[in-house]
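J.: Take this sequence and fold it.
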Amino acid sequence: MQGLLADRLETVRRRRFVGRAAELARFAALLDAAPGTADREVSLLAVHGPAGVGKTTLVRRFTDLALERGLTVVPLDARDLPCTPDAVAAALEPLTAGAVGTPRRAVVTIDTYELLAELDDRLRRDLLPRLPAETLVVLAGRHPPAAAWRTDPGWAGVLETMPLRNLSPDEARRYLDVIGVAPAEQQACLDFTHGYPLALALAGEIARAGGDVSPRESPDLVRDLLDRLLDDVLPAGDGGERRLALEACAQVRVLTEPLLARLLGRPTDGDRDVAGLFAWLRGLPVVEQGPAGLHPHDLAREALVADLRWRDARRDAELHARARSHYLELLPAADPLEQQRLLLDLLYLHEGLRVWLAAGGGDAAGLRVTPLAGDADAGAVAAMVEAHEGAESAALARLWLRRRPECWQVVRGPEAAPAGAMLLLPLHELGPDDADDDPAVAAALAELARRPPLRDGERATHLRFWLAADAYQAPGPVQNVIAGRLALHYLTTGGLALTLMPFADPGFWDVFCTYTDFHRVPAADFTVGGRTFGVYGHDWRAVPLEAWVTLLAERETEGLPAAPATPLTRPDDVALLVMSRDEFAASVRDALRDLQRPDRLARSPLLRSRLVTGRLAGGLAGQPPDGDGPARVAALREAIAAAAAAMESSPRDAKGYRALNRTYLHPAGTHEKAAEVLGLPSSTFRRHLAAGLDRLVEILWDRELG
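T.: Numbers count the residues shown, from 1 in each chain. Purely as a prediction, here's the structure:
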């Protein structure tokens with residue numbers, strides 16, 4: 001006699017079930033526990049997790065384990081039960097009708113428990129207590145047990161919770177093997193789904209049929225996932241404040257209430273609606289709470305980000321801009337640990353950097369950066385260098401530990417032991433003796449000498465050593481922290497002209513450096529202990545901080561490029577001109593005289609200054625410069641106008657501004673006419689004009705130096 005279709009379906013389900021070994025072992029231990037033991041005292045097992053994480057599948061396996069032991073099982077699903085006390089009582093009657101108790105375990109499973117939320121109090125106070133004493137109740141739902149279960153002295157003593165997480169990479173691969181996804185296609189499934197069972201099943205079927213499972217290329221897959229993940233969170237098609245808040249939460253590393261207010265364009269000082277939205281997010285099954293704030297599950301984040309970017313790219317960019325502004329405003333006044341967190345938040349906005357830096361796994365939240373602390377740190381750092389780079393390199397590290405201990409920074413783990421280190425040398429302070437002692441410094445100083453000379457107040461830095469104790473220069477949490485520390489260096493170092501960074505494996509980091517606008521500087525390469533280090537650099541005079549931040553902002557929602565991109569500027573097209581302060585001041589005065597004559601202004605040396613090239617780079621990222629053309633003339637006029645506007649808004653500079661304005665910006669004609677328009681004696685006018693010129697040059701020079 002042939003079996004039923006139900007039997008065949010159950011066989012397929014069992015064959016496709018992978019993972020959850022710890023959960024199954026724990027449930028078996030509860031079933032097999034001897035009377036009087038602690039495990040036997042557990043009467044309520046609360047399995048919880050978001051939609052699609054595999055609760056129903058796991059509860060079925062629990063039922064199988066109980067039946068295999070010959071136990072009585074009452075399997076219930078709230079989707080099949082009316083939400084009334086009578087209906088639940090009737091469903092439990094097979095156990096409640098007969099008996100006060102039996103020494104053997106009995107099992108009740110209630111799946112989709114969130115649908116019985118209105119009966120939660122009745123179940124806790126009345127319906128479940130009627131069951132025999134040896135009954136093990138399994139409640140499987142999207143939310144953890146309500147507080148009343150955990151605060152009731154009786155239930156709290158017999159309650160155990162079992163949160164469900166994603167499958168591990170090995171478990172996910174086993175599942176993809178079982179359903180027939182080719183090994184070459186599996187990584188794409190893992191990258192998108194993060195081992196989330198529902199997503200893995202959907203993506204696996206698409207991959208098995210030859211489809212693309214990238215969230216950028218599969219909007220239907222993303223929409224299906226969102227519908228399943230959020231079907232009890234948002235009404236279908238809900239585009240209101242709750243959806244906006246959830247989309248905002250997905251864009252940032254961690255969400256706080258003030259940040260949510262900023263992302264929604266609300267006041268950050270206790271808006272009641274924002275507080276309500278934050279509390280709502282906090283209770284969602286797809287959102288987790290950490291020490292620094294809220295964050296969605298990885299898959300929910302991926303799906304929400306991909307859906308918003310596909311559906312409303314403008315809002316996606318707006319959320320990024322608001323988050324970026326929030327972090328940058330907080331950064332200057334933050335303490336060192338808070339600065340580190342803010343820099344990680346800034347890096348997280350970059351999808352390509354986030355994926356790249358997370359490749360090594362781990363969490364950077366428990367790490368901190370401190371100055372070098374005595375001989376113990378020095379010995380640990382030298383040993384770290386020797387382990388990864390050899391004895392010759394370690395000797396150089398010891399040299400710099402003695403010579404420049406203040407330039408070292410140590411990355412520390414929870415145990416305070418060094419987990420990584422970096423040495424950021426000020427090239428502008430080094431000399432021939434340093435070059436003689438270290439080939440890296442010799443090559444860097446030679447490269448610096450080939451470039452326009454540093455002016456007063458300008459600096460050049462060299463990241464001489466940077467490594468993690470365990471992973472050396474591979475991506476990972478220590479490198480995340482080092483990247484954040486370097487970003488802080490770029491953002492806070494005045495007059496920065498050049499940064500050089502050596503890599504033991506430059507080919508591996510090429511795409512990353514291209515993304516961050518660092519380009520190969522082969523002349524600065526060096527060899528130590530038989531290993532050649534490839535050097536990348538960023539010229540901050542050609543592409544200053546403002547332009548660099550603008551460029552990275554434009555790349556935030558992009559992935560890393562597959563091949564090196566066109567540099568932001570091409571020195572071969574228009575060479576950067578580095579002037580002394582006197583030359584710069586004379587050029588500003590000449591430019592003011594020619595301000596109303598674009599044909600003459602086109603010959604200004606300032607068109608090749610950092611003042612103009614940086615402004616152009618910020619507006620034309622990725623495009624080649626256009627020589628001394630109209631765009632450069634316009635950029636110079638804008639720079640002068642912006643500096644004059646700063647003077648106009650300053651009471652101290654107002655008199656000088658008025659004289660400049662009527663002489664050059666909106667000229668009255670001759671100096672005599674300008675003095676007449678302003679109602680000033682000629683001598684007073686000349687004094688105001690001279691002061692205004694000096695102040696304008698000062699402002700522009702500061703901006704030239706960055």
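J.: Could you use CA atoms for every contact and neighbour count after this?
T.: Fine.
J.: Off-centre distance for the lengthiest helix in the chain?
T.: Longest helix in the chain, counting residues (DSSP state H): helix 682-705. From the chain centre to the centre of helix 682-705 is a distance of 43 Å (Cα atoms, centre = their mean, to the nearest Å).
J.: That one packs against which elements?
T.: Judged by 3 or more Cα pairs under 8 Å, 6 or more residues apart in numbering; DSSP states H and E, the packing partners of helix 682-705 are helix 581-593, helix 610-619, helix 630-648, helix 654-660, helix 671-678.
J.: what about the second one, average pLDDT?
T.: In this model, helix 610-619 carries a mean pLDDT of 65.
J.: and if you look at the last one?
T.: The predicted model assigns helix 671-678 a mean pLDDT of 86.
J.: what sits up against it?
T.: Applying Cα atoms under 8 Å, 6 or more residues apart in numbering, the contact partners of helix 671-678 are 658, 659, 662, 663, 667, 668, 681, 682, 685.
J.: top of these by neighbour count?
T.: Comparing the contacts of helix 671-678 by number of neighbours (other Cα atoms under 10 Å), residue 659 comes first, having 28 neighbours.
J.: quick revisit: which stretch among the helices and strands packed on helix 682-705 comes nearest residue 447?
T.: Residue 447 lies closest to helix 610-619 among the helices and strands packed on helix 682-705, at 19.3 Å (Cα to Cα).
J.: Could you dump the contacts of helix 671-678 into CSV with pLDDT and distance to residue 127 added?
T.: What follows is those, written out as CSV (pLDDT from 0 to 100; distance: Cα to Cα, whole Å):
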residue, pLDDT, distance to residue 127
658, 91, 84
659, 89, 87
662, 88, 88
663, 88, 90
667, 87, 89
668, 82, 92
681, 90, 97
682, 87, 98
685, 89, 93
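J.: Redo those as CSV? Include distance to residue 188.
T.: Shown next, in CSV, are the contacts of helix 671-678 (distance: Cα to Cα, whole Å):
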residue, distance to residue 188
658, 63
659, 65
662, 64
663, 65
667, 64
668, 68
681, 77
682, 76
685, 71
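J.: can you name the two of those that are farthest apart?
T.: Maximum pairwise distance in these, criterion Cα to Cα, is 17.4 Å, between 667 and 681.
J.: Please enumerate the strands of the stretch 351-500 of the chain.
T.: Per DSSP state E, counting those that start in this stretch, the stretch 351-500 of the chain carries strands over the ranges 368-371, 408-412, 418-426, 459-468, 496-503.
J.: Does anything pack onto the third one? Which helices or strands?
T.: Contact here means 3+ Cα pairs under 8 Å, 6+ apart; on that basis strand 418-426 packs against helix 374-389, strand 408-412, strand 459-468, helix 477-492.
J.: which stretch among these comes nearest residue 318?
T.: Among the helices and strands packed on strand 418-426, the nearest to residue 318 by Cα to Cα is helix 477-492 (22.2 Å).
J.: ok and that closest one relative to strand 459-468, angle-wise?
T.: Regarding helix 477-492 and strand 459-468, their directions subtend 170 degrees when assessed with axes from the mean of the first three to the mean of the last three Cα atoms, to 10 degrees.
J.: Please identify the buried residues of helix 477-492?
T.: Neighbour counts over helix 477-492 (16 or more other Cα atoms under 10 Å) mark 477-488, 490-491 as buried.
J.: Now render those residues as JSON lines, adding pLDDT.
T.: Output for the buried residues of helix 477-492, formatted as JSON lines (pLDDT from 0 to 100):
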{"residue": "477", "pLDDT": "85"}
{"residue": "478", "pLDDT": "89"}
{"residue": "479", "pLDDT": "86"}
{"residue": "480", "pLDDT": "83"}
{"residue": "481", "pLDDT": "86"}
{"residue": "482", "pLDDT": "90"}
{"residue": "483", "pLDDT": "86"}
{"residue": "484", "pLDDT": "83"}
{"residue": "485", "pLDDT": "87"}
{"residue": "486", "pLDDT": "89"}
{"residue": "487", "pLDDT": "86"}
{"residue": "488", "pLDDT": "84"}
{"residue": "490", "pLDDT": "88"}
{"residue": "491", "pLDDT": "83"}
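J.: could you dump those residues to CSV with distance to residue 302?
T.: Below are those laid out as CSV (distance: Cα to Cα, whole Å):
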residue, distance to residue 302
477, 21
478, 24
479, 23
480, 21
481, 23
482, 26
483, 24
484, 23
485, 27
486, 28
487, 26
488, 28
490, 30
491, 29
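J.: out of these, which one sits closest to residue 155?
T.: Once Cα to Cα is applied, the member of the buried residues of helix 477-492 that ends up nearest residue 155 is residue 477, at 40.7 Å.
J.: and the gap between the closest one and residue 350?
T.: Counting by Cα to Cα, to the nearest Å, the gap from residue 477 to residue 350 is 16 Å.
J.: Residue 536 now?
T.: Noted for residue 536: a distance of 20 Å to residue 350, by Cα to Cα.
J.: Can you give me the neighbour number for residue 431?
T.: If you count neighbours by other Cα under 10 Å, residue 431 ends up with 12.
J.: For stretch 514-525, buried residues please.
T.: Neighbour counts over stretch 514-525 (16+ other Cα under 10 Å) mark 514, 515, 516, 517, 518, 519, 520, 521, 524, 525 as buried.
J.: element containing the first one?
T.: Read it as residue 514. helix 506-515 (DSSP states H and E).
J.: got the CA positions of the longest helix of the chain in CSV?
T.: Taking Å, rounded to 0.1, in the frame of the first residue of the first chain, the C-alpha atoms of helix 682-705 are listed here in CSV:
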residue,chain,number,x,y,z
SER,A,682,40.5,109.2,1.0
SER,A,683,43.0,108.4,3.7
THR,A,684,40.5,106.5,5.7
PHE,A,685,39.3,104.6,2.7
ARG,A,686,42.9,103.6,1.8
ARG,A,687,43.5,102.4,5.3
HIS,A,688,40.3,100.3,5.2
LEU,A,689,41.1,98.9,1.8
ALA,A,690,44.6,97.9,2.9
ALA,A,691,43.2,96.2,6.0
GLY,A,692,40.6,94.5,3.8
LEU,A,693,43.2,93.2,1.3
ASP,A,694,45.4,91.8,4.1
ARG,A,695,42.4,90.1,5.7
LEU,A,696,41.2,88.6,2.4
VAL,A,697,44.7,87.3,1.6
GLU,A,698,44.8,85.8,5.1
ILE,A,699,41.5,84.0,4.7
LEU,A,700,42.4,82.6,1.2
TRP,A,701,45.9,81.5,2.4
ASP,A,702,44.3,79.6,5.3
ARG,A,703,42.1,77.8,2.7
GLU,A,704,45.0,77.2,0.4
LEU,A,705,46.7,75.4,3.3
